[in-house]
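In: Here's my sequence, what's the structure:
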Amino acid sequence: HIQRQGLNTANKAIVAKLKEATPVAAKSIDDLKTQVNTGFDPAYNLEFVVSQSFFNALDLMKDGNGRFLLEDDIK
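Out: Model (predicted):
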């Protein structure tokens, strides 16, 4: 019960922040990247919830050498 109360409290704080946030229209992936880099406090652990079609479009993007951008880092 205590864990659930903690989760509910955290969710309430998240919803309050979302309600006061100003929407920003992103017309490209570059716009999204700019928002991530400059629009949020770096202390936040950002997560994106996207549609399946958006994720598919992002997943198919390649760099100039033809490598998929979302591939695992080889390091």
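In: any low-confidence regions in this structure?
Out: 72-75 (pLDDT under 70).
In: For it, which helix extends over the most residues?
Out: Under DSSP state H, the helix in the chain containing the largest number of residues is helix 2-20.
In: ok, residues contacting it?
Out: The contact list for helix 2-20 (Cβ atoms under 8 Å, 6 or more residues apart in numbering) is empty. From N, CA and C alone the C-beta is placed, and that goes for glycine too.
In: Please name the residues that touch Val24.
Out: Val24 sits next to 31, 35, 39 when contact means Cβ under 8 Å, 6+ apart.
In: how about the first one, what does it touch?
Out: For Asp31, the residues meeting the contact criterion (Cβ under 8 Å, 6+ apart) are 24-25.
In: All the helices of this structure, residue numbers only.
Out: 2-20, 29-38, 52-59.
In: Backbone dihedrals for the nearest residue to Asp63 once chain neighbours are set aside, please?
Out: In space, not counting the residues next to it along the chain, Asp63 is nearest to Leu69; the distance is 6.0 Å by Cβ to Cβ, 6 or more residues apart in numbering. As for Leu69, its main-chain torsions (degrees, to the nearest 10) stand at phi -70, psi -30.
In: so Leu69 touches Lys62, yeah?
Out: Yes: taking Cβ atoms under 8 Å as the definition, Leu69 is a contact partner of Lys62 at 6.6 Å.
In: Distance check, Leu46 against Arg4.
Out: From Leu46 across to Arg4, the span is 25 Å (Cβ to Cβ, to the nearest Å).
In: now do Asn37
Out: 35 Å.
In: do Glu20 as well
Out: Using Cβ to Cβ, one gets 25 Å for the distance from Glu20 to Arg4.
In: Check Val49 too.
Out: Distance, Val49 to Arg4, by Cβ to Cβ: 22 Å.
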